[in-house]
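S.K.: Just a sequence and a predicted model for now, questions to come.
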Amino acid sequence: MSITVRSITADELEAVSNIDCALFGYRPTPDNTAYLGTLFDLPRVICAFDGDTMVGISAALPLELTLPGGAQMRMAGITWVGVQPTHTRQGIMRRLLMAQLDALPEHGEPIAGLMAAESLLYRRFGFGIASRCRRVEVDPRHAAHRVPFVDSGTMELVDVEAFLRHLETMHTRVRAMRNGMVSISSARHRETYRRAGEEYEGAGPMQMYVHRDPAGEVDGLVSFRLAPHWENGFPDFELRVNQLVGASTVVETALWRLCLEHDLVTKVVAAGRPVDEPIADLFADPRRWVTREMDDLHVRPFAVPALLAARRYSREDALVIEVRDELFSEAGGRFRLEGGRDGAECTRTDAVADIVLGPAELGAVLLGDTAVERLWRAGLVDECTPGAVWRATAMMRWSPAPWASYMF
């Protein structure tokens, strides 16, 4: 029977939930289906059907992405992509992804982004790895600072409702400053903490704290669970950080100290952290900041002039960049980019290209994470003008490193 691809109706949300839970090993619940109804715009939930049976799912969320310099661009957040085991290797995922990407212009989104369950899946669609994150593991018994840390603020234990109110405000505040961060809906915030009061994977209920500045305003927050364990009468607890965000390095350091100085804890772990957290440089023994790095946000550029003109650059320069886009020829072409820290312009041109790259490579350098020179050494960027690769590298790199901050 032929496969059809179309948007779903409200009464088909349960089937979407069932497929996703089956593919990722979770138990479907009515609460999960109800959550999808608050999260998704139904016309943007595009699924595949074999007759009347749903066999593949995908969705796009209307998000915003912060670019280097602070500009926030609309982005389609591609998510909930999966195909039933009975129908894999039949081109269904490709049809679903192409349907989502084809719809970007009508929604006014110059870029698409996603978090990949497997990093090899999406490059063929033009997605490049735009940011990375780290899993951190620290033995707090060896986490002393090189110099004493002084915090002029205060910590406060709060309940989940108070935490959620502050979380939404803090995420919006920090997102305006951090390239690579992605907007998040109130429904997503609430879903994250829906079971905060329950035990989870051997750990106790969520504990939530806010940090207040000397004037009493909330400028940071942290949530974590404690997994208790006793070894021959000695405490051997694991503290699992769920979320930690602050308006400054000092605030984030204070939040980390709260976790690292917690009584009974011999291991602090946190996933999805930035690759360049300053606290790692404050440790007297920096080797104790143990990390494992992995890809995070993958992006697929479409409206190249709009994207390159919106971001800022670390060096004043002008380059002609050719983007060879095999899937969407209208998104490719040659573009003259002129920019620096104070602004940028990007327009189509017929001039000779200085460098040539594909959409995945452009996505990889867009947020300042990957050096153009690194991709050139890998054979993924062509240099047409001598020295252009080094100039492009100096322009595109940005600090701090991009950080998406959560999985959508």
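M.R.: Received the coordinates, thanks. Residues are numbered from 1 along each chain as shown.
S.K.: so how far is Leu96 from Asp52?
M.R.: As judged by CB to CB, to the nearest Å, Asp52 and Leu96 stand 18 Å apart. (Glycine included, C-beta is placed from N, CA and C.)
S.K.: the more surrounded of those two?
M.R.: Using other CB atoms under 10 Å as the criterion, Asp52 and Leu96 rank with Leu96 on top: 22 against 7.
S.K.: Run through the chain and note the low-pLDDT ranges.
M.R.: Residue ranges of the chain with pLDDT under 70: 1.
S.K.: at 90 what do you get?
M.R.: For the chain, applying pLDDT under 90 flags the ranges 1, 28.
S.K.: Now do the longest helix anywhere in it: distance to the chain's middle.
M.R.: Using DSSP state H, we find that the single longest helix of the chain is helix 160-175. From the chain centre to the centre of helix 160-175 is a distance of 17 Å (CA atoms, centre = their mean, to the nearest Å).
S.K.: now stretch 34-48
M.R.: For stretch 34-48, the separation from the chain centroid amounts to 20 Å (computed by CA atoms, centre = their mean).
S.K.: how long is that stretch end to end?
M.R.: This stretch, stretch 34-48, spans 21 Å end to end (CA to CA, to the nearest Å).
S.K.: Which residues does that stretch contact?
M.R.: If you take CB atoms under 8 Å, 6 or more residues apart in numbering as the criterion, stretch 34-48 is touched by 3-10, 12-13, 15-17, 54-62, 80, 83, 87, 92, 95-96, 99-100, 103, 107, 185, 187-188, 191, 194.
S.K.: sorry, back to before: got the CA coordinates for the longest helix of the chain in CSV?
M.R.: What follows is helix 160-175, C-alpha atoms only, in CSV (Å, rounded to 0.1, in the frame of the first residue of the first chain):
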residue,chain,number,x,y,z
VAL,A,160,7.7,24.3,42.0
GLU,A,161,5.2,27.0,41.2
ALA,A,162,7.5,29.8,42.3
PHE,A,163,10.4,28.1,40.5
LEU,A,164,8.4,28.0,37.2
ARG,A,165,7.6,31.7,37.5
HIS,A,166,11.2,32.6,37.9
LEU,A,167,12.4,30.1,35.3
GLU,A,168,10.5,31.6,32.5
THR,A,169,11.8,35.1,33.3
MET,A,170,15.4,33.9,33.7
HIS,A,171,15.4,31.9,30.5
THR,A,172,14.2,34.9,28.6
ARG,A,173,16.8,37.2,30.3
VAL,A,174,19.7,34.9,29.7
ARG,A,175,18.6,33.9,26.1
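S.K.: packing partners for it?
M.R.: On a contact count with 3 or more CB pairs under 8 Å, 6 or more residues apart in numbering; DSSP states H and E, helix 160-175 meets helix 186-192, strand 207-212, strand 218-227, strand 237-246.
S.K.: just the angle between the third one and strand 237-246, please?
M.R.: If I follow you right, that is strand 218-227. Interaxial angle of strand 218-227 relative to strand 237-246 (axes from the mean of the first three to the mean of the last three CA atoms, to 10 degrees): 160 degrees.
S.K.: Please apply the same query to the second one.
M.R.: Taking the same axes, to 10 degrees, strand 207-212 and strand 237-246 form an angle of 40 degrees between their directions.
S.K.: From the chain's centroid, how far away is strand 207-212?
M.R.: How far strand 207-212 lies from its chain's middle: 23 Å, per CA atoms, centre = their mean.
S.K.: coming back round to it: among the contacts of stretch 34-48, which are in strands?
M.R.: Cross-referencing the contacts of stretch 34-48 against strands under DSSP state E gives 3-7, 54-62, 80, 83.
S.K.: Look up how far Ala59 lies from the residue nearest the centre of the chain.
M.R.: Among the residues of the chain, Ala404 comes closest to the average C-alpha position under CA atoms, centre = their mean, at 2.9 Å. Look at Ala404 and Ala59: by CB to CB, they are 18 Å apart.
S.K.: for Arg124, same thing?
M.R.: From Arg124 over to Ala59 (counting by CB to CB), the distance is 20 Å.
S.K.: Identify all contacting residues around the helix or strand containing Ala309.
M.R.: Per DSSP states H and E: Ala309 is located in helix 304-310. If you take CB under 8 Å, 6+ apart as the criterion, helix 304-310 is touched by 67, 69, 71, 73, 110-111, 301, 321, 323, 331-333, 335, 337, 339, 344-348, 362, 366.
S.K.: Can you turn the buried subset of those into a selection I can paste into ChimeraX?
M.R.: In ChimeraX syntax, the buried subset of those is picked out as below (16 or more other CB atoms under 10 Å):
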select :67,69,71,73,110,111,301,321,323,331,332,333,335,337,339,344,346,362,366
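S.K.: What about the contacts of helix 304-310, which are in helices?
M.R.: Taking DSSP H as the definition of helices, the contacts of helix 304-310 contribute 362, 366.
S.K.: which residues does Asn140 contact?
M.R.: Just so we're on the same page, residue 140 is Pro rather than Asn. Pro140 is in contact with 259-262, 265-268, counting by CB under 8 Å, 6+ apart.
S.K.: 6 Å instead?
M.R.: Pro140 is in contact with 260, 265, 268, counting by CB atoms under 6 Å, 6 or more residues apart in numbering.
S.K.: on that earlier part again, so the residue nearest to the centre of the chain sits right up against Val182, yeah?
M.R.: Yes: using CB atoms under 6 Å, Ala404 makes contact with Val182 at a distance of 5.2 Å.
S.K.: List phi and psi for the residue nearest to Val323 when sequence neighbours are not counted.
M.R.: Spatial nearest neighbour of Val323, chain neighbours left out: Gly332 (4.7 Å); criterion: CB to CB, 6 or more residues apart in numbering. Backbone torsions of Gly332, given as degrees, to the nearest 10, read phi -90, psi -170.
S.K.: Report the separation between Gly332 and Leu319.
M.R.: 16 Å.
S.K.: Over to Met98?
M.R.: Met98 is 30 Å from Leu319, where distance means CB to CB.
S.K.: between the two, who's got more neighbours?
M.R.: More crowded of Met98 and Leu319, by other CB under 10 Å: Leu319, with 23 against 16.
S.K.: Sticking with the more buried one, tell me its helix or strand.
M.R.: strand 317-323.
S.K.: Please apply the same query to Pro28.
M.R.: Using DSSP H and E, Pro28 sits within no helix or strand.
S.K.: Fine by me, thanks again.
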